[in-house]
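>>> give me a model of this one.
(4 chains)
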There are 2 protein chains.
Amino acid sequence: MIRPDHHKAILAECALPAALEAVGERWSFLILRGAFNGLAHFEEFQATLGIARNILSNRLVRLVEHGILRREPDSADRRKVAYRLTDKGRALLPALIALRQWGESWISGMPSNPVLVDRQSRRPVAPVAVRAADGRALQLNELEWLDRAELPANVRD
Amino acid sequence: MIRPDHHKAILAECALPAALEAVGERWSFLILRGAFNGLAHFEEFQATLGIARNILSNRLVRLVEHGILRREPDSADRRKVAYRLTDKGRALLPALIALRQWGESWISGMPSNPVLVDRQSRRPVAPVAVRAADGRALQLNELEWLDRAELPANVRD
DNA sequence: TGTGTTAAGTAGCGTTTCGCAACTGAAAGG
DNA sequence: CCTTTCAGTTGCGAAACGCTACTTAACACA
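Okay, the predicted model is just below:
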C-alpha cells in the first residue's frame, strides 16, 4: 500500500500527465481516430469531424509538434498537404481502442462502426485488457500498485 | 477499404465521442488515476493533484453523473464524502494504463511510479496491446477496419 | 491568359471553460 | 464556546473554443 503522505510525490512521477498534454485536448483523439481510418487532408478532417477550421489547424500543428503526425506536402499537387501518423502516433492505437471499447460497453451499448478486425480471421479484436507478463488478463483485484523501490531488483529495469 | 464519402456517416457510429464526452476533459483522467491509487476525498484529490477547487467540484459532479464515480457520505463523520470508482469507472483502467504506457515509451522515456504489478508474480503488467480473439498481439498491418455489414454474419453480434 | 475552383489555412469576435483566491456553512473536536 | 476540518461556492480575469468570413496559392481548362 502506498503511504498517503507520498501520494503527491509519487503521482508526479507518472507519465499520464505528459501523455495528456500531448493528446488530452478535446479534438485530438477524434483527429487521430480519423487518421487511423485513412483521413489525411485538412479538408477531409474538417468535413468529416465538423471541427472548426482554426481549431483543426491548431490541433494539427500541435500533433505535428509532438511528433504524433507528420506533415507531408504533396509533390504532385502543391496545394495539398497530407497529415500521416508517425510510429509514435500509431502507438496510440491501444489507448484509442480501449477508450472506444469502454464507450461501447458502458455508454452506447452497441458495437461501433467501422469494426477493427484481425486481418487473418476477419473477426473483431478482443477487448483490450491489462495482462500479466505471461498474457493472463487481470482483474482489478489481481492488481497492485507498487512503489518502484519495492520491485524485485531483477525487474526494476 | 472504406469509401471516402461514407467517412462521415461511419465515424458518427463510433463510441469514441461518447466516451470522450464522459472522460475527455482535462482533469478527468488524472482524477481517475487518483481514484485508482486510493484517493477518495475532496481534499485528497485537491492536495494531491493541485487542481482548482471549483474545477474539481465540477469534475466530481460530472463523473458521478456519468456513473463513473459514486458519491458516498461517511456515516461516522458527516462532513466527509468519499468518491469511489464504480464498475463503470474501474472499466476505464485499460484505457488509462494504455495512455500511461504510451507516455512512458514515447514521452517521458522512463517507467512511471507507482508501478502496476500482477499480485501473483509481483512483476509489472505487460504493455497493453490490441489482440486477436485468440490472444495474439496484433501490429497495425495485421489490422483492418471493416464496415459492420461486411462482418461474417455469425460474429456480427 | 483569364476565370473558376479547390486546398489549406488566418482573422475577427462572441461564448464557454479554466484557474486562482477568497469566502461560506456545516460538522467535529477539545 | 472556540478552533479546525471538510466540502464545497463565488467572483473575476485569462485562456480555449467555435462560428463565419476572408485570404493565398495552386491547379484546371478553355
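
>>> for A:Ala15, what are its contacts?
B:Arg100, B:Gln101, B:Trp102, B:Gly103, B:Glu104, B:Ile107, B:Ser108, B:Met110, B:Ser112 (Cβ atoms under 8 Å, 6 or more residues apart in numbering or on different chains). C-beta here means a position set from N, CA and C on the backbone, and glycine is covered the same way.

>>> what does the host helix or strand of the second one contact?
Read it as B:Gln101. Assigned by DSSP states H and E, B:Gln101 belongs to helix B:93-103. Residues from elsewhere that reach helix B:93-103 (Cβ under 8 Å, 6+ apart): A:14-20, A:22-23, A:91-92, A:94-95, A:98-99, A:102, A:127-130, A:140, A:143, B:29, B:32-33, B:36, B:112, B:116, B:125, B:127-128.

>>> inside helices: which ones of those?
In helices, judged by DSSP state H, the following of the contacts of helix B:93-103 are found: A:16-20, A:22-23, A:94-95, A:98-99, A:102, B:29, B:32-33, B:36.

>>> those residues also near DNA strand D: which ones?
Checking the ones in helices among the contacts of helix B:93-103 against DNA strand D by Cβ under 7 Å from any atom of the strand, not one of them is in range.

>>> filter these down to just the buried residues.
A:16-20, A:22-23, A:94-95, A:98-99, A:102, B:29, B:32-33, B:36 (16 or more other Cβ atoms under 10 Å in any protein chain shown).

>>> okay, now the residue lying closest to A:Val64 once chain neighbours are set aside: neighbour count?
Closest residue in space to A:Val64, ignoring its immediate chain neighbours: A:Arg71 at 4.9 Å, by Cβ to Cβ, 6 or more residues apart in numbering or on different chains. By other Cβ atoms under 10 Å in any protein chain shown, 13 other residues sit near A:Arg71.

>>> now A:Asp147: phi and psi?
Per-residue torsions, A:Asp147: phi -70, psi 140 (degrees, to the nearest 10).

>>> in space, what's closest to it - neighbours in sequence excluded?
B:Pro114 (5.5 Å).

>>> now the one you found: how far from B:Glu44?
Distance, B:Pro114 to B:Glu44, using Cβ to Cβ, to the nearest Å: 16 Å.
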